[in-house]
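> all I have is the shape, not the residue letters:
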């Protein structure tokens, strides 16, 4: 079978995967057949990869194929996964505009007096515009959340990661990440974090669902996990309390080295419970 692919052709801008790989192939003087040989896949498979972003691609690209292509071309696998749409591009899942993020970064550099001035200006502008954003409450929620983030920076600052994103998407496609399973995972982590260290806490499916129903709890979870593809509080809580290092291991079986991880989960639940009870 003879497959002709014009490496200089520029695909549709709506998907940059094919365009990116074509450009790198040209730069590295790698032909379609050579790339297929080095990646140990068929020529038709590489042809399909290069068609991504064209008007009529035959199908999507599996993560395993992207991994092989990335290894051959010496590209970060995350880059190809982003271009293929398997994971969100960096920053694209942030719920704030670029201007809002910039203002927030500047705000953190200001002194306490300057911050108070900004708060007053915003409060005045919001009132004049006839808007209601519960300024004092939102400030309280934000401050408590940021204190929690600073205390548990090890777990709050780590990226979501390519493997976790692929696992999340696979679970959605195969329907193995059902609401019931996610809730069970939340119970196991939170209940285990308390019980393992001998702390008494009423953790049940009903209790978790009651707490997660509060909008203020949802706001905290959105701050902690800014991921556009994860829409429910139950799933956000699941991914916040499950780490790659502990995947597949009941929390009760983790050794003393994971005490900071259990502390993180207990403090997270305490923060969410506080937000619900003080609403």
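Happy to help now that I have it. What you see is a predicted model, and the numbers here were worked out from it, not measured in a lab.

> so, low pLDDT: which residues of the stretch 151-279 of the chain?
Under the criterion pLDDT under 70, the flagged ranges of the stretch 151-279 of the chain are 163, 172-177, 228.

> residue ranges with poor pLDDT in the stretch 1-150 of the chain?
1-15, 54-60, 76-79, 81-82, 85-101, 123, 126-127, 129-136.

> can you map out the helices along it?
For the stretch 1-150 of the chain, helices defined by DSSP state H, counting those that start in this stretch occupy the ranges 17-28, 32-39, 43-51, 63-73, 77-83, 98-109, 112-128, 135-151.

> what's the angle from the second one to helix 63-73?
Same thing as helix 32-39. Using axes from the mean of the first three to the mean of the last three C-alpha atoms, to 10 degrees, one finds that helix 32-39 and helix 63-73 are set 100 degrees apart in direction.

> once you drop chain neighbours, what's closest to residue 139?
residue 119 (7.2 Å; C-beta to C-beta, 6 or more residues apart in numbering). Where you see a C-beta, it was placed from the backbone N, CA and C, and this is true even at glycine.

> shouldn't that neighbour be in contact with residue 142?
No - with contact defined as C-beta atoms under 8 Å, residue 119 does not count as touching residue 142 (11.4 Å).

> ok so, going back, the helices of the stretch 1-150 of the chain: which one's closest to residue 185?
Residue 185 lies closest to helix 135-151 among these, at 20.7 Å (C-beta to C-beta).

> what comes into contact with that closest one?
The contact list for helix 135-151, computed with C-beta atoms under 8 Å, 6 or more residues apart in numbering, reads 119, 122-123, 126, 156-157, 216, 219-220, 223-224, 267-268, 271, 274-275.

> if you set the cut-off to 6 Å instead, what comes out?
Here helix 135-151 makes contact (C-beta atoms under 6 Å, 6 or more residues apart in numbering) with 123, 156, 216, 219-220, 223, 271.

> just flag the most distant two among the residues you listed.
123 and 156 (28.2 Å).

> so these two - more neighbours on which side?
It is residue 156, of residue 123 and residue 156, that has more neighbours when counted by other C-beta atoms under 10 Å, with 18 against 14.

> look up how far residue 215 lies from the more buried one.
Distance, residue 156 to residue 215, by C-beta to C-beta, to the nearest Å: 21 Å.

> what angle do whichever strand or helix holds residue 264 and helix 135-151 make?
Element membership of residue 264 [criterion: DSSP states H and E] is helix 259-277. Orientation check (the same axes, to 10 degrees): helix 259-277 against helix 135-151 gives 170 degrees.

> residues of helix 259-277 that come out buried?
261-262, 264-269, 271-276 (16 or more other C-beta atoms under 10 Å).
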